[in-house]
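Visitor: Build me a model from this:
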Amino acid sequence: MDDTSQIQPPASFADLFRSRAGVLKTPIAEVVARYELCEDLACHLVEQAQTLYHSGNSSEEGVLLGFHSALAAEGSVVTAVEAGWVIQRLAELLEWKAPRLPNGTESA
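Guide: Numbering: from 1, shown residues only. You can find the predicted model right below:
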């Protein structure tokens, strides 16, 4: 990634923007901006996920899949693959098992 940026997206996120040959297809500034949005979103959802889970209405997987469905919907601020990454990151932050996501939305 770019040495001039203080924010270095993890490889799992940067890979969403790479070609099969490993070349970044998107300007680094845009990748960093998208990473910041997705990381902030995942962090923001932690408390909401815990609240939903502890209210007894859903399982860990159900909570994560519900958030994924909303994030991957048309008109969302994130793309479908970014939504997959957000859910994987949210599961990591919660220390929950990441669910299997629908095809085309899983992070790299």
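Visitor: use CA for all of it now, contacts and neighbours both
Guide: Noted.
Visitor: got any ranges where this protein has weak pLDDT?
Guide: For the chain, applying pLDDT under 70 flags the ranges 1-5, 104-108.
Visitor: Provide a list of residues in contact with residue 86.
Guide: 38, 39, 41, 42 (Cα atoms under 8 Å, 6 or more residues apart in numbering).
Visitor: Ends of stretch 10-23, what's the gap?
Guide: 15 Å (Cα to Cα, to the nearest Å).
Visitor: buried sites along that stretch?
Guide: Buried positions in stretch 10-23, judged by neighbour count with 16 or more other Cα atoms under 10 Å: 13, 14, 15, 16, 17.
Visitor: Could you give me the buried positions within stretch 74-87?
Guide: 78, 79, 80, 81, 82, 83, 84, 85, 86, 87.
Visitor: next one: that stretch to chain centre, how far?
Guide: Relative to its parent chain, stretch 74-87 has a centroid offset of 7 Å by Cα atoms, centre = their mean, to the nearest Å.
Visitor: tell me which strands and helices the helix or strand harbouring residue 36 is in contact with?
Guide: Using DSSP states H and E, residue 36 falls within helix 28-54. If you count contacts as 3 or more Cα pairs under 8 Å, 6 or more residues apart in numbering; DSSP states H and E, helix 28-54 packs onto helix 60-71, helix 80-94.
Visitor: send the alpha carbons of the last one over as PDB?
Guide: This means helix 80-94. Only the C-alpha atoms of helix 80-94 are listed here, as PDB (Å, rounded to 0.1, in the frame of the first residue of the first chain):
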ATOM      1  CA  ALA A  80     -22.000  -6.400  -1.700                       C
ATOM      2  CA  VAL A  81     -18.400  -7.500  -1.300                       C
ATOM      3  CA  GLU A  82     -17.800  -4.700   1.200                       C
ATOM      4  CA  ALA A  83     -20.900  -5.900   3.100                       C
ATOM      5  CA  GLY A  84     -19.300  -9.300   3.300                       C
ATOM      6  CA  TRP A  85     -16.100  -7.900   4.700                       C
ATOM      7  CA  VAL A  86     -18.000  -5.800   7.200                       C
ATOM      8  CA  ILE A  87     -19.800  -8.900   8.500                       C
ATOM      9  CA  GLN A  88     -16.600 -10.900   8.700                       C
ATOM     10  CA  ARG A  89     -15.000  -8.000  10.600                       C
ATOM     11  CA  LEU A  90     -18.100  -7.700  12.900                       C
ATOM     12  CA  ALA A  91     -17.900 -11.400  13.700                       C
ATOM     13  CA  GLU A  92     -14.200 -10.900  14.500                       C
ATOM     14  CA  LEU A  93     -14.900  -8.000  16.800                       C
ATOM     15  CA  LEU A  94     -17.600  -9.900  18.600                       C
END
